[in-house]
Structures are given as structure tokens and as C-alpha cells.
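> Fold the stuff below for me.
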Amino acid sequence: FGDGATNQGTFHESLNLAALWRLPAVYVCENNGYAMSTSVREACAIENLAERATAYGIPGVQVDGMDVVAVHDVMRSAVDRARSGSGPTLIECKTYRFLGHSKSDQRVYRTREEEAAWRERDPIARLRETMLESGLAAAAELDALSRQVLATVDAAVDFAQASPFPPATAAVEGVFAEVLQ
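Below is the predicted model of the structure:
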């Protein structure tokens, strides 16, 4: 869920119940700085949303969401905690949304300089550099993997565009449940 969801009652209700019942849950907040077009600074009284976990007596962890390895490490710890019966964890991934919230979003609420600064921290490019520097992979391997991923995406798009539209009746499938008396 995004940062904007942390201002809604259902967020707080679910954290409260998960903590109360020690549910094996990991809550992951993708804090990209903007709830649609509203800056988090304009919508939240606190800077670090992970601090909200304190109210429910559960760990709240903040991580650099632009660092794939750091996110993996934090997630591993939270998943292990949940599986061990220790209850939920709230993870706040500080990240960035490179594009607008929708196709019509002109991003007038942020500067192009801000966007460029965050692009310098692109998590995919950073992971690639880490893998190359540590010898985990060679450039040729990663290039081949990128081509394979793009080909898979292109094939999925081609399949979707060639597929017929579903029947109109599909719009209500799985929407309503009949109550048994």
C-alpha cells in the first residue's frame, strides 16, 4: 500500500487487530512521497510513517526502498518474525514514483530536478552495479536477462492485444455472494 493509505482508518484498524491477535503479517508501505499528488509532508504530522507501528506495539522499520538488497534483508527479518509467531511488522520503504499517478498526471506538484535526482538512485541500475562490482554476474549475463525480460513482456502485451474482450457477463463474476439461509 502507499503512504496515503496510512492516513485511513482501515490501516489503523488492521494494524491494531494484527497486533492484538499476533497475526503473521508483514505490512509494506511504499512511501514514494506523494499520495496521488499530495506530498506526504502536507498530509502527515510525522516524517517517518514506520513510527506509527509504535502505537500498536509492533516493530516499525524504515528502509531505503531504492536499495533492493536492503529491502530484501528487512523483508527476510520481518517474514522470519511473522513465521515464528512473533506477530506483524510494519515496513516503510522510502522510494520514488518516477511517473505520474496516472496517464493524465502532469506532475506539476514536483520539479524535474527532483525527478532527475531520484532517477540517479534507480534500484534496478543500482542492483546491476552491485552485482557487477561483486562479481555475482557478468555484464553479458545481465544484458541477456534484460533482453529475455523485455521479450517476455512484449509477448504478454501481444497476447493481451490479440485476445478477445471478455463477455459483458464477466463484469459481475465474483462480485456478489449469495447468502445461504
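> where along the chain do the strands fall?
Using DSSP state E, the strands of the chain run over 26-31, 34-35, 38-39, 60-64, 89-94.
> Looking at those strands, which is nearest to residue 116?
strand 34-35 (16.3 Å; Cβ to Cβ). For the C-beta atoms, the positions are set from N, CA and C on the backbone; glycine is no exception.
> Tell me how far the closest one lies from the chain's centre.
How far strand 34-35 lies from its chain's middle: 13 Å, per Cα atoms, centre = their mean, to the nearest Å.
> Most tightly packed of the strands of the chain?
Burial of these is given as mean neighbour count (mean count of other Cβ atoms under 10 Å); strand 89-94 ranks first at a mean of 23.
> Counting by contacts, list what that one packs against.
strand 26-31, strand 60-64, helix 68-83 (3 or more Cβ pairs under 8 Å, 6 or more residues apart in numbering; DSSP states H and E).
> List just the one of these that sits closest to residue 103.
That would be strand 26-31 among the helices and strands packed on strand 89-94, by Cβ to Cβ, at 19.5 Å.
> and the residue nearest the centre of the chain, bridged to which residues?
For the chain, the residue nearest the mean C-alpha position is residue 30 (4.3 Å; Cα atoms, centre = their mean). Beta-bridge pairing of residue 30 under DSSP bridges involves residue 2, residue 93.
> contacting residues for it?
Taking Cβ atoms under 8 Å, 6 or more residues apart in numbering, we find residue 30 in contact with 1, 2, 3, 65, 93, 95.
> Skipping its backbone neighbours, what lies nearest the third one in space?
Once its chain neighbours are removed from consideration, residue 3 has its nearest residue in residue 31; the separation is 4.2 Å (Cβ to Cβ, 6 or more residues apart in numbering).
> again with the last one
In this structure, residue 95 finds its nearest non-sequential neighbour in residue 65, 3.1 Å apart by Cβ to Cβ, 6+ apart.
> Give me the mean pLDDT for stretch 116-130.
Across stretch 116-130, pLDDT averages out at 95.
> got the contact list for it?
Residues contacting stretch 116-130 (Cβ under 8 Å, 6+ apart): 65, 66, 67, 68, 69, 95, 96, 98, 136, 142.
> would you turn these into JSON lines with neighbour count, pLDDT and distance to residue 118?
Formatted as JSON lines, these follow (neighbours: other Cβ atoms under 10 Å; pLDDT from 0 to 100; distance: Cβ to Cβ, whole Å):
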{"residue": "65", "neighbour count": "22", "pLDDT": "97", "distance to residue 118": "11"}
{"residue": "66", "neighbour count": "20", "pLDDT": "97", "distance to residue 118": "8"}
{"residue": "67", "neighbour count": "19", "pLDDT": "97", "distance to residue 118": "13"}
{"residue": "68", "neighbour count": "16", "pLDDT": "96", "distance to residue 118": "15"}
{"residue": "69", "neighbour count": "13", "pLDDT": "95", "distance to residue 118": "18"}
{"residue": "95", "neighbour count": "22", "pLDDT": "96", "distance to residue 118": "9"}
{"residue": "96", "neighbour count": "20", "pLDDT": "94", "distance to residue 118": "4"}
{"residue": "98", "neighbour count": "11", "pLDDT": "88", "distance to residue 118": "7"}
{"residue": "136", "neighbour count": "11", "pLDDT": "96", "distance to residue 118": "25"}
{"residue": "142", "neighbour count": "15", "pLDDT": "97", "distance to residue 118": "22"}
